[in-house]
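**Student:** got a sequence here, can you build the structure:
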Amino acid sequence: MCRTFELSSKFCSVLVTGIHSVTTVSEMSVKAGETISIPCLYESEYINNVKYLCQGYSWVSCSHAVRTDNPNTERFSVSDDKIQRVFTVTIKGLTDQDTDYWCNVEKKGTDEGKWFHMTVTRGIPNLHVDHQEIVAFNGENITINCYYRNHGDMKWCRLGHSCVEGSFGLIDEAKVTIDTRVANVFTVTMSGLTMENSGWYWCAKGNLQMPVHVKVTEKPTTVTSNSCLTTLSPIPDSVELQSDILSYVIPLCLLVVAVMVAFLIWLLLKRHRSSDTTRAEKEVNSTIAKSRRISRQRTNAEMESDAGVVYTTVTTAKPPTLPRVHFMTFKPSLRQSLTFLLKLHLHKTLARHDLACSQSKNTQVDTDPSFKL
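**Tutor:** Residues are numbered from 1 along each chain as shown. Model prediction:
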């Protein structure tokens, strides 16, 4: 029991590793400021035990960073998958002090644990992957690129299971191929995936490992109801990009359709107004033509009715000659001038009246049918 007898940390590490109660990676290369997740596999007898991450090189003096009975702190978190028997610790904002940790299981007597080491670099890590979390559908394939800058053998392993070291192999009936044709990267392809292939794996190059979590789910089942698609199973993270694109494309398509509908409505209204204007012009033209026809008919009728009328010549009698008044023979006063003008106006009025009466009598005599010349 290491804690009781205060054995050296190296001996304690060998002792605990030999028990194989806890299994994890041993050496990783990570970048400062980023986040890393480390899986820790434990035996079935520890399903209900408390698991924790202990920080420090020495088993005796390491400090608890996070525990499953208090799973979240500022930089650390832990989750326990009791079906897979794996508890996963996550460290955020890596610093130069994040070098030595222990995956531990609390139990009566001496706790069980496994030590791992991280080399924190400011540049590109010596072994890294694009994503630590990969989601795939049942029956499909996945591809993982493992980038390296160190030397040594290349392997693809499953935590607590076997490894593939050559170009081909099988892990839990899933076909594994390793392509090394590109420099400084080996590409792992797993095909024919099943639900049993879900779990933690790692790339290995020399003495370095990089954990990768693979989650296999069933394909989403969709049903059509009122021309809408309803998803009955969860969508994996690998199609989130497509969902984001659709979230922009669908509103854009709806906007285009709305604009087209509005344009068609405007075009129909314009055509309808044009037809109404043409119809009104035709009605006005028809009314004008009809009025002209009626006017011509009336003119013709009046000419036909005037055919039997006898027209006579009316001679207008000359008005009586007024006496000439010589205004220059005397110089009248203002009163005399006004009196003279009034008399003259009265004389002209009486003369016009007599002339009108004379013309009226002559017209009656000419139009009387009983009058004979």
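
**Student:** need the contact partners of the helix or strand encompassing Y201.
**Tutor:** For Y201, the element it lies in under DSSP states H and E is strand 199-205. Residues outside strand 199-205 that contact it (Cβ atoms under 8 Å, 6 or more residues apart in numbering): 25, 39, 41, 84, 86, 88, 126-127, 129, 144, 146, 148, 150, 152-159, 163, 171, 186, 188, 209-214. Using the backbone N, CA and C atoms, a C-beta is placed for each residue, glycine as well.

**Student:** for the following helix or strand past that strand, name the packing helices and strands.
**Tutor:** Stepping forward along the backbone from strand 199-205, the first helix or strand reached (DSSP H and E) is strand 208-217. The contact analysis (3 or more Cβ pairs under 8 Å, 6 or more residues apart in numbering; DSSP states H and E) places strand 208-217 against strand 27-31, strand 36-42, strand 127-129, strand 133-137, strand 142-148, strand 199-205.

**Student:** and those strands: which comes nearest L94?
**Tutor:** strand 27-31 (5.5 Å; Cβ to Cβ).

**Student:** buried residues, the closest one. List them.
**Tutor:** 28-30 (16 or more other Cβ atoms under 10 Å).

**Student:** closest to F137 among those?
**Tutor:** For the buried residues of strand 27-31, the nearest to F137 is M28 (29.1 Å; Cβ to Cβ).

**Student:** in which helix or strand would I find the nearest residue to that closest one once chain neighbours are set aside?
**Tutor:** Leaving aside its chain neighbours, M28 sits nearest to M118 (4.8 Å; criterion: Cβ to Cβ, 6 or more residues apart in numbering). Assigned by DSSP H and E, M118 belongs to strand 112-121.

**Student:** so where is the protein shaky, pLDDT-wise?
**Tutor:** 1-20, 222-246, 275-278, 280-281, 283-284, 287, 291, 295, 298-335, 357-373 (pLDDT under 70).

**Student:** in CSV: the helices and strands packed on strand 208-217, plus distance to S286.
**Tutor:** What follows is the helices and strands packed on strand 208-217, written out as CSV (distance: least, Cβ to Cβ, whole Å):
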stretch, distance to S286
strand 27-31, 89
strand 36-42, 88
strand 127-129, 86
strand 133-137, 74
strand 142-148, 80
strand 199-205, 89
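
**Student:** can you tell me which of those strands is nearest to H345?
**Tutor:** Among these, strand 133-137 comes nearest to H345, with 120.9 Å by Cβ to Cβ.

**Student:** contact partners for the nearest residue to K114 once chain neighbours are set aside?
**Tutor:** Nearest residue to K114, sequence neighbours excluded (Cβ to Cβ, 6+ apart): V22, at 4.2 Å. Applying Cβ under 8 Å, 6+ apart, we find V22 in contact with 16, 40-43, 103-105, 112-114.

**Student:** who does the strand holding M118 pair up with?
**Tutor:** Sheet pairing for strand 112-121, assigned by DSSP bridges, gives strand 27-31 (parallel), strand 100-105 (antiparallel).
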